[in-house]
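Novice: sequence and computational prediction follow.
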Amino acid sequence: MRTASPSPTPPRSPRPNPALWAGVTGLALIALLGVIGPLVWTDTATTLSGAAREGVSAEHWLGTDALGRDVLARTLVATRLTLLMTLAATAIAGTAGILLGTLVWVSGPRVRELGLRLIDVMVSYPALILALVVSAVLGAGPTAAVVSIGLGGCPAFARLTANMAASVAQRDFVSTARLTGVPPHRVLARHLLPNIAGPLIVLLSVAFAQVLTALSGLSFLGLGVQSPEYDWGALLSTGLEALYTNPAEAIGPAVAITVTGVLASFVGDGLAAGSDPRGGPVATAAARPAEHPGPSGRAPENALLIVDGLSVERPDGTRLVDGVSFHVMPGEIVGLVGESGSGKSLTAMTVARLLPDGLTSHAARLTLDDLDLDARRVDAARLATEVGIVFQDPSASFNPALRIGGQLTEVLRTHQGVSRAQARAEAIEALEKVRILNPEAVARQYPHELSGGMRQRAMIASAVLPGPKLIVADEPTTALDVTVQAEVLDLLRETNRRRGTGMLFISHDIGVVSTLCHRIVVMYAGRVVEELSARDLRAGRARHPYTKALLAAAPRLADHEDDALDEAGRRRPLATIAGRPPAAAERPAGCAFAARCPLVHQRCTHELPVPREGVACHAVASSTLAATARDDA
Amino acid sequence: MTATPVHAPVPGARKGTDPRRSAPRHGLALGPWGTFLLRRLAGLVAVATTLVVVTFLIVQLIPGDPARVLAGADASPADIERLRGRLGLDQTLSARFADYAGGLLHGDLGLSFQTREPVADIIATRLPFTAELALLAVLVVLLVAVPLGLAIAVRGSRRTDTAFTFTTSLVGATPEYVIGTLLVLVLAVVLGAFPAAGAETLASLVLPVAAIALPGSCVMARIVRREAASVLAQDYMRTARGRRLPPLTLYTRHALPNLLTAALTLGGLILASLLGGTVIVESVFAWPGMGQRVVEAILARDYPVIQGCVLVLGLLAALLNLVVDVVLALLDPRTLAGKGGH
């Protein structure tokens, strides 16, 4: 897919969905037919023209039935009865189902448990067979058909509603409402129903399609509408009898049922796609020639990881990461720090070759030792063993269906040819090293049986196990409790010391970074703005105004600093950085931080600052220049 | 996937760790699987009991005087009285229920009003035909929908995705009896490739199974595709990709269990509804199963046959659901801990 114009695509908004429009328009036309059909064609539909079961002709487009009546006219007339019955049955299924499904969630725990069980039992019973029961009781006929299909559809409706209500009912505001004694019917009306209204409409339109076919099915079986009345199902049933002699007779009602059902499901799908952010096709990457900054050649040749002039782009050409260069020496921990949206995680994922679909990366150089990470194909075994990855959210990063041990040993088994028993022993040892008690038992457990801290330690064990040269840790402590954070940082530090593993540590927390890392790379709006040693950072020698602002906003580091206290010895309030980083598509030509910078001057807004002595800032550069000039004078 | 009960306490392992994490949460001696199966069996008994009550109520709930309704318009008062006696309507409700349930326990489902045949015999001859259709349809749906949905989610370009969505919407919304009719028209009437009706040969299975399974497969394939897209976007799939596993391992070992869990949770409904499709499709193909018989019975108001067929069809559905639940528990260890983990 090549984008036609370079103009940025607007953020996803409710786009006109062709299926939805086709569905709505089509159903409106069919509804119109339902209104006017019986008025216009009733005479034709009941006239006995003489020729019975006559094939397709100019006079009778779909032929005639056994009594010589025009099938097309009968199909059109049947629209009204079919639609009315479908609407009535949908209303029964919807009302009963929604009430049942939401009521269980506003009632007490015992009633709820019982209600959910009951719904489950009812769902386990095919709707059609339940409908047969009602038909058996009430006798065959349209009323029985409507009631039976309505009741038959109710359990499925109740279950889906209950599922949706469950997610809402367990949110805090509903619990609060319940605990503070808001009566159930008000909880239902004010909190539950409005929050599931969208999905319910989707469900209703899907149910309409299903009810239509189920009702026609009953009529088809002879249990629905009885002669001389007729709906599409009854017409199809009589048409089927003459299938060998006059196939056209079955076509009209079959098409009518199918088309209406499809249109209704289009509406349902369209509405569902509109409410589901996951929906919609994923744009694929554009092959787009772009100019890239040349190699900066600053990294020492013996560096473990060299990232030089790295850019990451969206398919529309928007640069999310722009010309990032840094390196990691063997045994060094380098911190990549910045606000969310600064491109630090994308940079890390590019290094790990795990960019999300649709994003493309380019680099003048991207190497781990002698392994070219920017090549089109990289040896999977080397990649898997040489780069260990610790992800942000340990509860989501383990596969819930597989045991911990099996997940830990995958790289060893797949890429290093280690035997099952040996891999298992190594995994247990690795778990032990990350201070997991009882590692044999944990290896046999599933992720959900472990606490968050244990999972993250197991994740570190998993990253360390193949003996990687580099560990990429993407916000590994963000999702954890403060007490557990310290443990995890200790483990990473220990791994680095014991095995000399280089590390790329990504965090938005400059305090954490400054305690763990040897060197810090500060990113802002997709670019590196400053690079400095942890010692300089801790000694307050950060120079870029953004780095200073981050420091001022970080509680833990500032606590140890003298300047956290004002003249009277009181702790200063934490600073916040006013404003937001610019969106990737709206980055200015000049310094991206200019709009939020206290030191901004004219040059900043139109000229991109180039990194000089580790800082990319006009203000810093000119003050250094001035200082040098003063010293010279 | 191994399914061995793994949570037996490790000797000496209990101390020092949180007992919640190393020991089973439910059941002291049973382990999670024992508890799970016991629970499901209890559920099955509950369903069976409900079915017995519901089928009993079919006759009791007939509006007006069931005997008068059943005897027909031109029945004499003596006929009605005789029928009343035969239905046991002169006894109390509880006595009638005891009679009905007691008969069931002995395998006595009563006699058909129409043919005077024992209902148990009717079911014994008809059930295998229906079970055959329904189980084959379930199998076809799973074998078609899961690979198709996964393949589209993994490989789908925009164009194949549109074609997939369009086709599955169209076929999925087409009722079984319409598909059946069209299949008969094209493959039996015009081409003569398959028998249009009956159950004499193996070939006569093809069209009915196709008619039941086609719409089901489409609906299921869409569920699978959607769930696959969401599974593939999960963090743990990124972790697995980070391990640079071969695609086959990635999709079968890492994606499939989670995908099936999600798809079966929703798709269980579809599998049960296939049984309903079977009932209808039997009429299209003159298939000598229970569905066709129960429709005949409803039209003829032959209540013992209705009761028996509905009971057995319901049990069949419940069994199908039990199988789905067990498969789910095998796939996702979390479901063992408690239903849905509310």
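Specialist: Nice, I can see it. Numbers count the residues shown, from 1 in each chain, chains lettered A, B, ... in the order given.

Novice: for chain B, which residue is closest to the average position?
Specialist: The structure's chain B has its C-alpha centroid closest to B:Ala272; by CA atoms, centre = their mean the separation is 2.6 Å.

Novice: do the host helix or strand of that residue and chain A meet?
Specialist: Secondary structure from DSSP states H and E places B:Ala272 in helix B:256-284. Yes. Interface with chain A: helix B:256-284 contributes B:257-258, B:261, B:269, B:272-277, B:279-280, B:283-284 (CB under 8 Å from any CB of the partner chain). Any C-beta I mention is one placed from the backbone N, CA and C, and that applies to glycine too.

Novice: same for that helix, what does it pack against?
Specialist: The contact analysis (3 or more CB pairs under 8 Å, 6 or more residues apart in numbering or on different chains; DSSP states H and E) places helix B:256-284 against helix A:127-138, helix A:193-221, helix B:119-155, helix B:176-183, helix B:206-232, helix B:290-300, helix B:303-331.

Novice: could you check the angle helix A:193-221 makes with that helix?
Specialist: 30 degrees (axes from the mean of the first three to the mean of the last three CA atoms, to 10 degrees).

Novice: buried residues in helix B:256-284?
Specialist: Of all the residues in helix B:256-284, those buried under the rule 16 or more other CB atoms under 10 Å in any protein chain shown are B:256-284.

Novice: quick revisit: between the helices and strands packed on helix B:256-284, which one is closest to B:Thr167.
Specialist: Of all the helices and strands packed on helix B:256-284, helix B:206-232 sits nearest to B:Thr167, with 7.2 Å by CB to CB.

Novice: now the very next helix or strand once past that closest one: average pLDDT?
Specialist: Downstream of helix B:206-232, the next assigned helix or strand under DSSP H and E is helix B:235-242. Across helix B:235-242, pLDDT averages out at 90.

Novice: where's the next helix or strand after helix B:235-242 relative to the chain centroid, distance-wise?
Specialist: The helix or strand immediately downstream of helix B:235-242 is helix B:247-249, counting by DSSP H and E. Centre-to-centre, helix B:247-249 and its host chain are 31 Å apart (CA atoms, centre = their mean, to the nearest Å).

Novice: show me the contact partners of helix B:247-249.
Specialist: A:Thr414 (CB atoms under 8 Å, 6 or more residues apart in numbering or on different chains).

Novice: who's in contact with residue 96?
Specialist: Unless you meant another one, I'm taking chain A. Neighbour list for A:Ala96: A:Gly150, A:Leu151, A:Cys154, A:Phe157, A:Ala158 [criterion: CB under 8 Å, 6+ apart].

Novice: the intended chain is chain B.
Specialist: B:Phe56, B:Gln60, B:Gly88, B:Leu89.

Novice: quick one: mean pLDDT over stretch B:215-223.
Specialist: Across stretch B:215-223, pLDDT averages out at 86.

Novice: please disregard the earlier target; I meant stretch A:154-163.
Specialist: 82.

Novice: that one and chain B, are they touching?
Specialist: Yes. Using CB under 8 Å from any CB, stretch A:154-163 reaches chain B at A:Ala156, A:Arg159.

Novice: can I get the CA coordinates of that stretch in CSV?
Specialist: Provided in CSV are the C-alpha atoms of stretch A:154-163 (Å, rounded to 0.1, in the frame of the first residue of the first chain):
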residue,chain,number,x,y,z
CYS,A,154,-33.3,-15.3,25.3
PRO,A,155,-30.6,-17.5,27.1
ALA,A,156,-27.9,-16.7,24.6
PHE,A,157,-28.8,-13.0,24.9
ALA,A,158,-28.7,-13.3,28.7
ARG,A,159,-25.3,-14.9,28.7
LEU,A,160,-23.7,-12.4,26.4
THR,A,161,-25.3,-9.5,28.3
ALA,A,162,-24.1,-11.0,31.6
ASN,A,163,-20.6,-11.3,30.2
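
Novice: just the angle between the longest helix along chain A and helix A:193-221, please?
Specialist: For chain A, the helix with the greatest residue count under DSSP state H is helix A:71-106. If you take the same axes, to 10 degrees, helix A:71-106 sits at 140 degrees to helix A:193-221.

Novice: got the end-to-end distance for stretch A:114-132?
Specialist: 26 Å (CA to CA, to the nearest Å).

Novice: tell me the buried residues in it?
Specialist: Residues of stretch A:114-132 classed as buried: A:115-116, A:118-132 (neighbour count, 16+ other CB under 10 Å).

Novice: give me the subset of these touching chain B.
Specialist: Filtering the buried residues of stretch A:114-132 for proximity to chain B by CB under 8 Å from any CB leaves A:Leu116, A:Asp120, A:Val121, A:Val123, A:Ser124, A:Tyr125, A:Pro126, A:Ala127, A:Leu128, A:Ile129, A:Leu132.
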